[in-house]
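*Asks:* with the sequence up front, the predicted model follows.
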Amino acid sequence: MSRQRLEDPWLPPAPDTPLAAAGRLWQIRTAAPEDGRPVQELHTRCSPRSLHQRYLSPFRRLPKSVLEQLLDPRRSHTLLTRSDSGHTVAMATLARGPADQGGQEVHLAVLVEDAWQRQGLGTALTDRLLRRAQHADVPCVHADVLSDNAAMLRILRRTGGVVRTTEWGVASLTVPTAARGLAQVQ
């Protein structure tokens, strides 16, 4: 991974991009620190099950520290998906590990509002984040996924993800960013 101080923005913002999926047009853009309200609103519309699958914890409202980390461009690269009605309906994040560990390990996580699941948003966001990681010379990303989260496991396996361990119902995967089909950066 290219050396960069953790105080610097990690990845430059991705350009806003349209996504056609499930007969609708979605807008994908990089989150900014001022996106706290739409991100919290997304969380209130998600079921406890969806939130538990994303965070491995059942909270309905993100603690301030977690929200700040997700929206801090020095620590995370978060993409938001907005519907044609203007609501944020999905988010996906690449988060760097703690600074005291050199910030070298990168984790991926995705949350899609229940009403919009199984329409390709999770796959599209995952693909975009893996391309961004590849562009930043990140050799692989890690994801911790509940063993019963078949949709996310399928997405990650399709992109080359390999289960490293499974403990207490959580599968830990490694996804190489040089996997086939990720060459074009978006």
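*Replies:* In hand now; what should we look at? Residues are numbered from 1 along each chain as shown.

*Asks:* right, and residue 172 touches residue 146 too?
*Replies:* No. Here residue 172 does not reach residue 146: they are 11.2 Å apart, not a contact under Cβ atoms under 8 Å. C-beta: built from backbone N, CA, C; applies to glycine.

*Asks:* ok, these two, which is more surrounded?
*Replies:* It is residue 146, of residue 172 and residue 146, that has more neighbours when counted by other Cβ atoms under 10 Å, with 17 against 14.

*Asks:* could you measure from the more buried one over to residue 153?
*Replies:* As defined by Cβ to Cβ, to the nearest Å, residue 146 lies at a distance of 9 Å from residue 153.

*Asks:* got it, and residue 51?
*Replies:* 18 Å.

*Asks:* try residue 94
*Replies:* Between residue 94 and residue 153 the distance, using Cβ to Cβ, works out to 18 Å.

*Asks:* more neighbours: which of those two?
*Replies:* Here residue 94 and residue 153 are compared on neighbour count by other Cβ under 10 Å; more neighbours surround residue 94, at 23 against 18.

*Asks:* in three-state terms, label the more buried one for me.
*Replies:* In the three-state summary, residue 94 is assigned as strand, counting by DSSP: H, G, I helix; E, B strand; the rest coil.

*Asks:* look up how far residue 156 lies from it.
*Replies:* Separation of residue 94 from residue 156 (Cβ to Cβ): 13 Å.

*Asks:* following the lengthiest helix in the chain, which helix or strand comes up?
*Replies:* When secondary structure is assigned using DSSP state H, the longest helix within the chain turns out to be helix 121-135. Proceeding C-terminally, helix 121-135 gives way to strand 140-146 as the next helix or strand, assigned by DSSP states H and E.

*Asks:* just the angle for that following strand relative to helix 121-135, thanks.
*Replies:* Using axes from the mean of the first three to the mean of the last three Cα atoms, to 10 degrees, one finds that strand 140-146 and helix 121-135 are set 150 degrees apart in direction.

*Asks:* state the mean pLDDT of strand 140-146.
*Replies:* Taken as a whole, strand 140-146 has an average pLDDT of 92.

*Asks:* not counting it itself, show me its contacts.
*Replies:* 52-53, 56, 94, 105-109, 129-130, 133, 152-153, 156, 161, 169-177 (Cβ atoms under 8 Å, 6 or more residues apart in numbering).

*Asks:* now, the residues you listed that are in strands?
*Replies:* Judged by DSSP state E, the contacts of strand 140-146 include 94, 106-109, 170-176 as members of strands.
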